[in-house]
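> quick one: sequence and predicted model below, then my questions.
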Amino acid sequence: MSNTNDEKAFAFLEKAVYKAQDTLVETKHFQPFLMLLTDTDEVEVYENEIKDSTQSYEALEVLLGERIVKGDVDIMILAVDTLIPEKVAKGMDSSIRLHIEEKSQKNNKIGARFLYVPYTLCQSPNTAMYVKLHAPLPLGFPAEYIV
C-alpha cells in the first residue's frame with residue numbers, strides 16, 4: 001500500500017471517529033452507520049432509524065452488499081457502538097468499533113480490520129458532556145466486502 005493510500009484511509013477513518021464522537025456527545029449512544037469513499041473521492045453516509053442496534057447494523061450490511069456491486073467503493077467503514085470483546089482487551093467496556101476495508105488491500109490475506117476505539121463519556125460540574133477517546137485497538141482479518 002502506498003503512503004497516499006495510507007493517508008487517505010487514515011483521514012477517512014478519522015472522519016468516522018469524529019462523526020461517532022459527535023453523536024455520542026449529543027445522544028450518549030449512536031446508531032450504526034456506514035461511510036463509503038468512492039474512487040472519485042465522494043463521501044457517502046448511510047444511516048437508518050432502526051432502534052435495535054443489531055438489526056440496524058444488519059440492515060447496513062445488506063445495503064453495503066448491494067452498494068459494493070457498483071465497484072466504485074475505495075474505502076468502506078461500518079461503525080457501531082459496542083463492548084470490546086475480552087479477547088481484544090480486558091477491563092475495557094464501551095467502544096466505537098470501525099470495520100474498515102480498502103480496495104488497495106483486497107489482494108492481501110488480512111485485508112480488513114476492526115478498530116476498537118474505547119471511550120468514556122465525561123462531564124464535570126458546570127461543563128458540557130464530552131467524550132474521552134482512548135488508544136485504538138486493531139484486529140485484522142480477511143476482507144468480507146471489498147473482495
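Sure, I can see it. Residues are numbered from 1 along each chain as shown.
> which residues are in contact with the top helix by length along the chain?
Ranked by residue count and defined by DSSP state H, the top helix of the chain is helix 3-27. With contact meaning C-beta atoms under 8 Å, 6 or more residues apart in numbering, helix 3-27 is reached by 30-31, 33, 35, 37, 43, 45, 74-75, 77, 79, 81, 96, 98, 100, 102, 104, 115, 117, 119, 121, 128-131, 133. C-betas here are computed from N, CA, C, even on glycine.
> can you check stretch 55-63 too?
Taking C-beta under 8 Å, 6+ apart as the rule, stretch 55-63 contacts 31-34, 46, 48, 50, 78, 80.
> which pair in the residues you listed spans the largest distance?
Using C-beta to C-beta, the contacts of stretch 55-63 span at most 14.3 Å, a distance reached by I50 and L78.
> for the chain, give me the ranges with low pLDDT.
The model of the chain has pLDDT under 70 over residues 1-3.
> can you map out the helices along it?
3-27, 53-68.
> any idea how far L139 is from T82?
T82 sits 12 Å away from L139, going by C-beta to C-beta, to the nearest Å.
> same deal with E7?
22 Å.
> ok, the two, which is more surrounded?
Between E7 and L139, counting by other C-beta atoms under 10 Å, L139 is the more crowded of the two (17 against 10).
> ok, the closest residue to that one other than its chain neighbours - how many residues close by?
Closest residue in space to L139, ignoring its immediate chain neighbours: F114 at 4.5 Å, by C-beta to C-beta, 6 or more residues apart in numbering. Neighbours of F114 under the rule other C-beta under 10 Å: 21.
> quick one: F114 and E101 touch, right?
No. F114 is beyond contact range of E101, at 10.6 Å (criterion: C-beta atoms under 8 Å).
> quick one, strands of the chain?
33-38, 43-46, 73-83, 94-102, 112-122, 130-133, 137-141 (DSSP state E).
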